[in-house]
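J.: no sequence for this one, just the structure:
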Ligand code: GUN
């Protein structure tokens, strides 16, 4: 089994991204990422802190707009509209998930599609489905494709099975990998798929994004399978510094058996963050057109 580490791939991207930040600054554009986050404390959102750190590492400003968890739908829409109209904001994320009192669909649609670096706006997601090249591709799917290409894993003619149909990963990943330029056959499985193990056994590449720790068992895969683990479930662990450890969707025994596997943490995560920066720069560079 070989490990598909995310950091070297992200590092390769970072060097080019740093140059792009300098080019923008030379043209009097100050790249900035705005993140709206509904939470009690920033410590609850390691993802947002990772995005902020990645920005700061290459001199992109990152402004976190932190509001209480129970912020109303209308207040949230008001903040989004204000940022849509603020010329200093060129890239805007509203961190998901939002509380059950919020209509996520309406929030996603409210973000200016030219600032929607998550690629969740219907026009970006629809453009992805149609193979348009000028849309923002959601960051985790874009990161997974980058990682597979970085490690020279052939996709043409392969059968890729995706577990999970979320807006953030499974659904856009299905659209991305189904494109003609990739040439794979893609199966999207979800919580209502019967005989999940049978689908997994027919995968050349299995991408698990369900949030169910250790779901994929060793007897669901063959020794030739490439495994991509998007899961990051917090499991209580008295020996861990934070009181929990992060566990992927793939059982460690399955990881041992596979041809290659992305570790958790340290596999897909660094690429997701790298693609946030990539899309942020793309949003700012469009202003030069
Ligand atoms: N929550 C987990 N991943 C993501 C992401 O990529 N974007 C947003 N907005 N929220 C998330």
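T.: Thanks, I have the structure now. Given the structure is predicted, the values throughout are model-derived calculations rather than measurements.

J.: what's the pLDDT at residue 215?
T.: According to the prediction, residue 215 has pLDDT 98.

J.: with adjacent residues omitted, what lies nearest to it?
T.: Closest residue to residue 215 in three dimensions, ignoring its sequence neighbours and counting by CB to CB, 6 or more residues apart in numbering: residue 249, at 5.0 Å. C-beta coordinates here come from the backbone N, C-alpha and C atoms, glycine included.

J.: then residue 166?
T.: Sequence neighbours aside, residue 209 is the residue nearest to residue 166 in space, at 6.5 Å (criterion: CB to CB, 6+ apart).

J.: neighbours of that neighbour, how many?
T.: Residue 209 has 24 neighbours, counted by other CB atoms under 10 Å.

J.: repeat that for residue 78.
T.: 12.

J.: which residues sit in contact with residue 222?
T.: Neighbouring residues of residue 222 by CB atoms under 8 Å, 6 or more residues apart in numbering: residue 201.

J.: a helix runs through it, doesn't it?
T.: No: according to DSSP: H, G, I helix; E, B strand; the rest coil, the state of residue 222 is coil, so it is not within a helix.

J.: need the residues of the stretch 1-150 of the chain near the ligand, please.
T.: Residues of the stretch 1-150 of the chain lying close to the ligand by CB under 6 Å from any ligand atom are 47, 93-96, 118, 139-140.

J.: so how many other residues sit close to the closest residue to the ligand within the chain?
T.: When CB to the nearest ligand atom is the measure, the chain has its nearest residue to the ligand at residue 96, with 3.7 Å between them. Using other CB under 10 Å as the criterion, residue 96 is surrounded by 16 other residues.

J.: surely it meets residue 104?
T.: Yes: taking contact to mean CB atoms under 8 Å, the distance of 6.6 Å between residue 96 and residue 104 places them in contact.

J.: residue 214 and residue 250 touch, don't they?
T.: Yes: in this structure, residue 214 sits in contact with residue 250. The criterion is CB under 8 Å, and the distance is 7.0 Å.

J.: more crowded one of those two?
T.: Of the pair residue 214 and residue 250, residue 250 is the one with more neighbours under other CB under 10 Å, namely 30 against 18.

J.: rewinding a little: residue contacts, the residue nearest to residue 166?
T.: When contacts are taken as CB under 8 Å, 6+ apart, residue 209 is in contact with 140, 162-164, 166, 169-170, 173, 230-231, 249.

J.: check residue 20 too.
T.: With contact taken as CB under 8 Å, 6+ apart, residue 20 is in contact with 281, 285.

J.: SS state for it?
T.: Taking three-state DSSP, the label given to residue 20 is helix.

J.: can you flag which of the contacts of residue 209 belong to strands?
T.: Judged by DSSP state E, the subset of the contacts of residue 209 located in strands is 162-163.

J.: tell me the pLDDT of residue 242.
T.: In this prediction, residue 242 carries a pLDDT score of 82.

J.: burial measure for it, as a count.
T.: For residue 242, the count of nearby residues is 10 (other CB under 10 Å).

J.: and for residue 16, the neighbour number?
T.: Residue 16: 10 surrounding residues under other CB under 10 Å.

J.: got it, and residue 41?
T.: For residue 41, the tally of surrounding residues (other CB under 10 Å) stands at 7.

J.: dihedrals phi and psi, it?
T.: Backbone geometry at residue 41, expressed as degrees, to the nearest 10, gives phi -150, psi 140.

J.: ditto for residue 55
T.: Note on residue 55: its backbone torsions stand at phi -60, psi -50 [degrees, to the nearest 10].

J.: and for residue 96 and residue 104, which residues touch both?
T.: In terms of CB under 8 Å, 6+ apart, residue 96 and residue 104 are both contacted by the residues residue 167.

J.: contacting residues for residue 59?
T.: Residues near residue 59 by CB under 8 Å, 6+ apart: 18, 21, 25.

J.: residues of the stretch 151-289 of the chain that sit close to the ligand?
T.: So the stretch 151-289 of the chain meets the ligand at residue 168 (CB under 6 Å from any ligand atom).

J.: in the stretch 151-289 of the chain, which spans are strands?
T.: Along the stretch 151-289 of the chain, counting by DSSP state E, counting those that start in this stretch, strands occupy 159-163, 185-189, 205-208, 226-229, 233-236, 244-247, 260-261.

J.: what about the residue nearest to residue 166, distance to residue 86?
T.: 33 Å (CB to CB, to the nearest Å).

J.: thank you, goodbye.
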